[in-house]
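**Q** Sharing a model prediction with you, sequence too.
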Amino acid sequence: MDKENRRDLTISGTGSANGGVYDRLSINGEGRIHGDVDCNSIKAYGVTTFKGNIKAERFDIVGETTVKGEVHTDEMKVKGQAHIHGQAHCQELTVIGSATVNGNLTGEEIEIKGGATVNGDCSAESFQARGGFTIDGLLNAGLIHVRLYGKCQAREIGGETIRVEKDGLDFSLVKWLKSILHYTNELVADTIEGDDIYLEKTKAKVVRGNNVLIGPGCEIELVEYKNHFEQKGDSIVKEHNQV
Amino acid sequence: MEQELISKKDLLELTGISYGQLYRWKRKNLIPEEWFIRKSTYTGQETFFPKEQILDRVEKIKNLKDDLSLDEIAGMFSTVPITTALERHELIERNIVSNIALKLYTQQFAEQQRFTFKEVLHIYILDKLLSKGDINLEEGKTLLQLLHDHFGKVEQAGGQLIFIRKMGVTSFILAQSGDIYFEEGVRVVFTMNLLTCIEECKLKWHGGESHG
C-alpha cells in the first residue's frame, strides 16, 4: 500500500486488533495484535503482544512487548522489555532495557546498554555493548567493542576488530560494593577469532588472530597469532604459538 | 560419499585470507551456513568446511571482489532466483548468449522480447554446449525441452546434466548429485555441473550491468 495513504491505529486502555497495514501504530495500555503488521512506526508503551510478524521502519518499545513472529525494522529501540520469539533483523538496534531474541539477530549497528539474550547467532557490522549479554551461538561483527558492565558470554566470537575492556569503576567503595553484591563483569567465550584483538577480563579456550594483545585479568588456554602477540598484567595464557 | 573436509586454520593458511575476511563473507552470505561444520577436536569445538567447495568459493570471491560489491557477489551465489528480466537485444549486445541459441529457443517455445533469468539460463546452457561443438542443433531442441520440463526439480539440489551416446544414439540425463552407473557401451560425452552454470550465467547477467 502507498505509504502516504495509510491510516493510524491507536489502542488506549485495553484492546485488540487484527494485523494490517498502518502508518502509525501506538499502544498505550494493554494491547494484542493478532495478525502480521506492516507499519511506518510502532510505539508500544504498555503491555503488548504481537502474535504475528512485524515489519516497521521504526519500532519503539517502552513497556513490555512480546512478539511471537519475526521482526524486520530499520530502527528499533528497546527501553522496556522485549521478547522476540522468531528472528529479528534491525538495521539499527539500541537496547537500553532488556531484549531476548529466540532466533538469530542480524543488523548493521547493534548497541546494548542494558541486557540482551540471543539464543541463535548475532551478526552486525558494528556491535557495541556497555551492559551484559548472552549469545548462545556466534557473535559475528566487523567491529566488536565491549565494555564490561556485567556478565557477557558468547559461544564463539568472530570479526575484524575485537576489543573488550573492563568497566571504569575501580574506586575502593565500588570494589567493596561489587564484592558484597557478587557482581561479576567478565567475558566468557569458547573461541575468539579476529584480525585485531584486544582483551581484558576475558576467559576463553582459544584466541586466534593476526594481532593479539592480552590485557589484565584474562585466562586464555591457547593463543594462536600471525603477526604480533603481547601479554600484559596478571593475565594467564597457558600456551601461545605463532602460526 | 564422504566429502573431504578442511579445517578453518588450514583454509586460512592455504588461501591467505584472514579471520576478519572469513567472518565478513559469512555475514554477507557469501559462504552458506551449511558449509560451517562444527566438530569436536582435542582443543574443543573446531570448524571445518567441505574442502573442494570452499576453496572454489574463496577463489571466486577473491577474483570478483575488486569489481563487484560483496552484496553483488552474494546475489550471484545465492540460490534465490533473480526476478528481473532482460530484453532480447540486451542478451545479444551484452554477449550473454548467441543469436543462434536464442533463435532455437524462440522457435521451440514462443517469440518473445523479454526473457527471465530462468529462460536465459536454459539458453545459456544450450549456447555453451553448441559453441563447444558437443551437441548439434537437433540435440539442442531435445535439451531445451528437457530443461523446460525438469530443470526446476534439480537446480536447488546441485544437479548435473549428462550427455551420453551409444551406437550413434544420443540422450540427455538430468540428475541430482549422486553416483550414476551406465551399461557397457555407453560413452559419456560430458557431465555438466548445473550450479557452476548458474553462477557463470549470473556473472554474465550482472557483469554487464555494473560495467555499462
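**A** Thanks, I have the structure now.

**Q** Look through chain B and state the residue closest to chain A.
**A** The minimum distance from chain B to chain A, using CB to the nearest CB, falls at B:G20 (3.5 Å). To be clear about C-beta, it is placed using only N, CA and C from the backbone, and glycine gets the same treatment.

**Q** In contact with that residue, which residues?
**A** Residues near B:G20 by CB atoms under 8 Å, 6 or more residues apart in numbering or on different chains: A:G142, A:G159, A:E160, A:T161, A:G194, A:D195, A:N210.

**Q** could you pick out which of those residues are near chain B?
**A** Filtering those for proximity to chain B by CB under 8 Å from any CB of the partner chain leaves A:G142, A:G159, A:E160, A:T161, A:G194, A:D195, A:N210.

**Q** can you pull the buried residues of the helix or strand bottoming out on mean pLDDT in chain B?
**A** In chain B, the helix or strand scored least confidently by mean pLDDT, DSSP states H and E is helix B:194-211, which has a mean of 74. Buried residues in helix B:194-211, counting neighbours by 16 or more other CB atoms under 10 Å in any protein chain shown, are found at B:L194, B:L195, B:C197, B:I198, B:E199, B:C201, B:K202, B:K204, B:W205, B:H206, B:G207, B:G208.

**Q** ok, the fourth one - contacts?
**A** Residues in contact with B:I198 (CB under 8 Å, 6+ apart) are B:L121, B:E155.

**Q** so how far is B:Q112 from it?
**A** Remark: distance between B:I198 and B:Q112 (CB to CB, to the nearest Å) = 21 Å.

**Q** next one: the first one
**A** B:L194 is 23 Å from B:Q112, where distance means CB to CB.

**Q** Downstream of the helix-or-strand element of chain A with minimal mean pLDDT, the next helix or strand is which one?
**A** Least confident helix or strand, chain A: helix A:172-180 with a mean of 69, by mean pLDDT, DSSP H and E. Using DSSP states H and E, the helix or strand that follows helix A:172-180 in sequence is strand A:186-199.

**Q** Rounded mean pLDDT for the strand or helix carrying B:K39, please.
**A** Element membership for B:K39 (DSSP H and E) is strand B:37-41. The average of the pLDDT scores along strand B:37-41 is 84.

**Q** Just list what that strand packs against, helices and strands only.
**A** Here strand B:37-41 touches strand B:44-50, going by 3 or more CB pairs under 8 Å, 6 or more residues apart in numbering or on different chains; DSSP states H and E.

**Q** Any residue of the strand it packs on touching chain A?
**A** Yes: using CB under 8 Å from any CB, strand B:44-50 reaches chain A at B:G44, B:Q45.

**Q** Of all the residues in that strand, which ones are buried?
**A** Applying 16+ other CB under 10 Å to strand B:44-50 flags B:E46, B:T47, B:F48, B:F49, B:P50 as buried.

**Q** Now do the same contact list for the last one.
**A** The neighbours of B:P50, taking CB under 8 Å, 6+ apart as the test, are B:Q3, B:E4, B:L5, B:I6, B:W35, B:I37.

**Q** which strand residues sit across from the last one in the sheet?
**A** Spelled out, that is B:I37. When bridges are called by DSSP bridges, B:I37 pairs up with B:F48.

**Q** and it, what does it touch?
**A** B:L5, B:T47, B:F48, B:F49, B:P50.

**Q** circling back: go through the contacts of B:G20 and flag which are in strands.
**A** A:G142, A:G159, A:E160, A:T161, A:G194, A:D195, A:N210 (DSSP state E).

**Q** can you redo those as a markdown table with neighbour count and distance to B:L146?
**A** Listed next are the ones in strands among the contacts of B:G20 as a markdown table, based on neighbours: other CB atoms under 10 Å in any protein chain shown; distance: CB to CB, whole Å:
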| residue | neighbour count | distance to B:L146 |
| --- | --- | --- |
| A:G142 | 19 | 45 |
| A:G159 | 29 | 46 |
| A:E160 | 21 | 47 |
| A:T161 | 18 | 51 |
| A:G194 | 28 | 49 |
| A:D195 | 21 | 48 |
| A:N210 | 16 | 50 |
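
**Q** of all the residues you listed, which two lie farthest apart?
**A** A:G142 and A:N210 (14.8 Å; CB to CB).

**Q** Show residues contacting whichever strand or helix holds B:I73.
**A** Per DSSP H and E: B:I73 is located in helix B:70-77. Here helix B:70-77 makes contact (CB under 8 Å, 6+ apart) with B:24-25, B:28-30, B:32, B:57, B:61, B:64-65, B:68, B:82, B:199, B:202-203, B:206, B:210.

**Q** Can you show me the helices along chain B?
**A** Under the criterion DSSP state H, chain B contains helices at B:8-15, B:19-27, B:51-64, B:70-77, B:88-93, B:99-108, B:117-132, B:137-154, B:194-211.

**Q** Reformat those as a markdown table; add distance to A:R32.
**A** Listed next are these as a markdown table, based on distance: least, CB to CB, whole Å:
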| stretch | distance to A:R32 |
| --- | --- |
| helix B:8-15 | 46 |
| helix B:19-27 | 35 |
| helix B:51-64 | 46 |
| helix B:70-77 | 38 |
| helix B:88-93 | 51 |
| helix B:99-108 | 54 |
| helix B:117-132 | 42 |
| helix B:137-154 | 41 |
| helix B:194-211 | 44 |
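
**Q** can you tell which of those helices is closest to B:L161?
**A** Using CB to CB, the nearest of those to B:L161 is helix B:194-211, at 6.1 Å.

**Q** Might you report the residue contacts of the nearest residue to A:G158 once chain neighbours are set aside?
**A** Spatial nearest neighbour of A:G158, excluding adjacent residues (CB to CB, 6 or more residues apart in numbering or on different chains): B:Y23 at 4.0 Å. Taking CB under 8 Å, 6+ apart, we find B:Y23 in contact with A:N140, A:G158, A:G159, A:E160, A:E193, A:G194.

**Q** again, only using 6 Å
**A** By CB atoms under 6 Å, 6 or more residues apart in numbering or on different chains, the contact set of B:Y23 is A:N140, A:G158, A:G159.

**Q** Residues of chain A that sit close to chain B?
**A** A:S123, A:N140, A:G158, A:G159, A:E160, A:D190, A:E193, A:G194, A:D195, A:K205 (CB under 6 Å from any CB of the partner chain).
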